[in-house]
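> Here's a sequence, model it:
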Amino acid sequence: MEKGSNGAISRHRDGTLTRQVADSLREGILAGKNPPGQKLPSEAQLISTFNVSRTVIREALSKLREEGLVEPRQGAGVFVLDPSGATGHALRGIDPKRISSVVEGLELRTAIEVEAAYLAAARCSPLQEEEIIRRYHEVAACMRAGRSTVEADLALHLAIAEASNNRQFVDILKLLGGQMIPRAALDSEQTTPPATFERLQEEHGLIVNAISNRDQIAAREAMRAHLAGSQKRYRAYLSNDSGFLL
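Prediction:
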């Protein structure tokens, strides 16, 4: 990683500043310079070290969080996690064609589920809303118990499709089955870092709240962001953007 004389990231290198900062921090973690449990320097210190904006630092840390390399703790800072459980390691050696298939599936789901969420916010009955909320809490229960979340995740998305009261949405998702959940399709459920599950459940919460509030636009955008985020993560693996895949 090329740096200036004061340690700042060089702006003459290819790639975004966010990627360069994330790569530098990742290298330190994977090389053992920042062992598991250690607190990373404060946001202000990182801004000074890399000579970049607060936004760049936050985006870089968010990227590392998605990879399962760091964990922010409210009021305490950002701490390093064991890199052996990081997402990139979980996918090491998987045929890129399988990952490409997952991305294609997410694109198909986006075309269906974004509008299903929009309609669910407008059309769901009280019983359907109750079912969505129940399924959402089942995902959380599986996370707490350390059980597979695949079936609960699938059931939540199906409940949202059911609440659209358009049977075609439900039939297509059922046809896709459990393989519509990326970690099931890639057999990476057991090695997915907890931070990734937490992020996905936060995204689920935004969708469920928007539907409960009958906010069609918010429901549509929350579902779009949820599926787009997953697409972005898996596309990054294909392009080796994660820094240690393949």
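
> burial count for Ala159?
By other Cβ atoms under 10 Å, 24 other residues sit near Ala159. For every residue, glycine as well, the C-beta is placed using N, CA and C.

> Quick one, grab the pLDDT at it.
The model reports Ala159 with a pLDDT of 98.

> so it makes contact with Glu131?
Yes - look at Ala159 against Glu131 with Cβ atoms under 8 Å: they come within range, at 4.9 Å.

> Which parts of this structure are helices?
17-30, 43-50, 54-66, 87-90, 96-123, 126-145, 150-163, 167-176, 182-185, 194-212, 216-238 (DSSP state H).

> can you tell me which of these comes nearest to Val80?
helix 17-30 (5.6 Å; Cβ to Cβ).

> Name the residues of stretch 151-169 that come out as buried.
152-166, 169 (16 or more other Cβ atoms under 10 Å).

> and which of those is nearest Gly205?
Relative to Gly205, the closest of those is Leu156; by Cβ to Cβ it sits at 10.8 Å.

> Let me see the domain layout of the chain.
Split into domains by automatic domain parsing, the chain comes to 17-85, 93-238.

> lowest confidence element among the helices and strands of the chain?
When the helices and strands of the chain are scored by mean pLDDT, DSSP states H and E, helix 87-90 comes last with a mean of 52.

> For Leu108, give me the pLDDT.
In the prediction, the pLDDT value recorded for Leu108 is 91.

> Ok, Cys124 next?
Looking at Cys124, the pLDDT reads 97.

> quick one, what contacts it?
Taking Cβ atoms under 8 Å, 6 or more residues apart in numbering, we find Cys124 in contact with Ile132, Ala163, Ser164, Asn165, Ile211.

> Let me have those in TSV, extended by pLDDT and distance to Pro96.
Converted to TSV, the contacts of Cys124 look like this (pLDDT from 0 to 100; distance: Cβ to Cβ, whole Å):
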residue	pLDDT	distance to Pro96
Ile132	98	35
Ala163	98	36
Ser164	98	34
Asn165	97	39
Ile211	98	35
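
> could those go into TSV alongside distance to Ala121?
Formatted as TSV, the contacts of Cys124 follow (distance: Cβ to Cβ, whole Å):
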residue	distance to Ala121
Ile132	10
Ala163	8
Ser164	9
Asn165	12
Ile211	5
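
> just those now: which is nearest Leu173?
Ser164 (10.5 Å).

> wait, the closest one sits on Val114?
No - under the criterion of Cβ under 8 Å, Ser164 makes no contact with Val114, lying 10.8 Å away.

> quick one: low-confidence ranges for the protein?
Applying pLDDT under 70 to the chain picks out residues 1-15, 83-95, 185-193, 236-246.

> could you redo the last one with a cut-off of 80?
1-15, 30-32, 66-68, 82-99, 178-180, 182-196, 232-246 (pLDDT under 80).
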